[in-house]
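Would you be able to build a 3D model of this:
(one chain, ligands or ions: 2)
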Amino acid sequence: MGIRFNQVSYDYSSFAQGLYTAIKDINLEITEKHEFIALVGHTGSGKSTLAKHMNALIFPSEGNLEIFGEVITAKRNKKIKYNNIRKKVGLVFQFPEYQLFEETVEKDIMFGPMNFKITQEEAKKIAKESLNLVGLNDSYLQRNPYNLSGGEKKRVSIAGILAMDPEILVLDEPTSGLDPAGKRVLMNLFKDINEKTGKTIVIITHDMDLVYQYFNRVLVMNEGRLIYDGDPEKLFREKDLFKNHLDYPNTIKVLKYLNETLNLNLNIYQKTLEAALSEIERVVKE
Ligand SMILES: Nc1ncnc2c1ncn2[C@@H]1O[C@H](COP(=O)(O)OP(=O)(O)OP(=O)(O)O)[C@@H](O)[C@H]1O
Ligand SMILES: [Mg+2]
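Ligands and ions are numbered 1, 2, ... in the order given. So this is what the prediction gives:
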């Protein structure tokens, strides 16, 4: 089942600017089993707008969407339980401030689970476990989310969605603003959840190193259109990324530079720093 976009377009309407079409003619299928998908594209290309459709936070202006069998169109349908959709597809917002509103971290993370007829004690237990999963210890439980650092807020907002145990997770730039170690902790957590539970995870990111290292499917948005859906390897080998304002992973950039300036014959398609270094070692030793 999962999520299917059928010819979806979305227009923002604002008083000052009138209609602005943020995504156009999107056809896309995301199954609920075992996918690990990166969603990339330049600023303003429509990634967050696309993500907000995935749990029916906004409705398509044109076309329709199927989310776990429910058909979402421009018009609200009284028969559809939108809250159920939002439980099945958990969306972590790009800006955690929009997601955090309780006076303690614990209450914030408990909020979702408490809606699903469980006891306060159970919800507390889930809150603590989810918080620990994202790399924060129990001392954060009684803190006010408002006073946390940007990276801590981000982690708490992720914990809040993990606590709801959705079937599909959509994370809008979950690693932006985090330090390198924090990024790795979270990426390994997402990969782990994906591997152990088979849940599909969609991650929006600008970090092409992460895309190359972790993902086997990448979606590329450009000016509101989905222009690529497939293997990252193929994307980096065959497409002119700069044309779409995208960067190459650092490994490819550095190895390419070495080939050009030192006239070497390195295989530039290395996913990790370690792999790039051993490729350099191999060629130097030859
Ligand atoms: N509430 C809104 N009203 C009017 N226009 C909007 C609104 N939200 C977004 N837009 C416009 O829609 C386009 C797509 O925005 P969106 O937030 O989906 O981009 P994005 O790819 O997530 O960008 P970023 O990488 O900066 O997060 C942008 O041009 C943006 O200015
Ligand atoms: Mg965005």
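
The one helix or strand Gln213 maps to packs against which elements?
Following DSSP states H and E, the helix or strand that holds Gln213 is helix 208-214. Packing partners of helix 208-214 (3 or more Cβ pairs under 8 Å, 6 or more residues apart in numbering; DSSP states H and E): strand 36-41, helix 180-197, helix 232-238, helix 250-262. Placement of C-beta: from N, CA and C, glycine included.

after it, next one along is what?
Counting by DSSP H and E, the next helix or strand C-terminal to helix 208-214 is strand 217-222.

Buried residues, that following strand. List them.
218-222 (16 or more other Cβ atoms under 10 Å).

returning to what we had before: buried deepest among the helices and strands packed on helix 208-214, which one?
Most buried of the helices and strands packed on helix 208-214, by mean neighbour count (mean count of other Cβ atoms under 10 Å): strand 36-41, with a mean of 23.

angle of the following helix or strand past that one against strand 36-41?
Beyond strand 36-41 on the C-terminal side, the first helix or strand identified by DSSP H and E is helix 47-54. Relative orientation of helix 47-54 and strand 36-41, computed by axes from the mean of the first three to the mean of the last three Cα atoms, to 10 degrees: 140 degrees.

what's the model's confidence in stretch 129-138, averaged?
Computed over stretch 129-138, the mean pLDDT rounds to 93.

can you narrow the buried residues of strand 217-222 to ones near ligand 1?
With Cβ under 6 Å from any ligand atom as the criterion, no member of those is in contact with ligand 1.

so how many other residues sit close to Asn84?
For Asn84, the neighbour count with other Cβ atoms under 10 Å is 13.

Residues contacting whatever helix or strand it lives in, please?
Following DSSP H and E, one finds Asn84 within helix 82-88. Helix 82-88 is contacted by residues 55-57, 67-68, 70, 72, 112, 115-116, 164, 166-168 when judged by Cβ atoms under 8 Å, 6 or more residues apart in numbering.

which one of those is nearest ligand 2?
Leu57 (13.1 Å; Cβ to the ion).

Can you tell me the closest non-neighbouring residue to that closest one?
Leu91 (6.5 Å; Cβ to Cβ, 6 or more residues apart in numbering).

quick check, the one you found in a strand?
Yes - assessed with DSSP: H, G, I helix; E, B strand; the rest coil, Leu91 lies in a strand.

The residue lying closest to Glu103 once chain neighbours are set aside: what's it in contact with?
Spatial nearest neighbour of Glu103, excluding adjacent residues (Cβ to Cβ, 6+ apart): Asn144 at 5.9 Å. Counting by Cβ under 8 Å, 6+ apart, Asn144 makes contact with 103-105.

Which of those has the largest number of neighbours?
The most crowded member of those, judged by other Cβ under 10 Å, is Val105 (27 neighbours).

where's Asn84 relative to Thr205, distance?
Applying Cβ to Cβ, to the nearest Å, the value for Asn84 to Thr205 is 28 Å.

just Ile227 next, same as before
Going from Ile227 to Thr205 by Cβ to Cβ gives 17 Å.

between these two, who's got more neighbours?
Ranked by neighbour count (other Cβ under 10 Å), Ile227 and Thr205 place Thr205 first, with 23 against 13.

And the pLDDT for that one?
The per-residue pLDDT reported for Thr205 equals 97.

next one: Ile72
Looking at Ile72, the pLDDT reads 97.

That one and Asn83, how far apart?
Remark: distance between Ile72 and Asn83 (Cβ to Cβ) = 14 Å.

Look at these two and report which has more neighbours.
Neighbour count, other Cβ under 10 Å: between Ile72 and Asn83, Ile72 has more, with 25 against 11.

The spatially closest residue to that one that is not a sequence neighbour - how many residues pack around it?
Among residues not flanking Ile72 along the chain, Leu65 sits closest, at 4.3 Å (Cβ to Cβ, 6+ apart). Residues lying near Leu65 (other Cβ under 10 Å) number 22.

Contacts for whatever helix or strand Leu65 lives in, please.
Element membership of Leu65, judged by DSSP H and E, is strand 62-67. The contact list for strand 62-67 (Cβ under 8 Å, 6+ apart) reads 1, 3-9, 25-26, 53-56, 71-74, 85, 88-89.

That's all I had, so thanks and see you.
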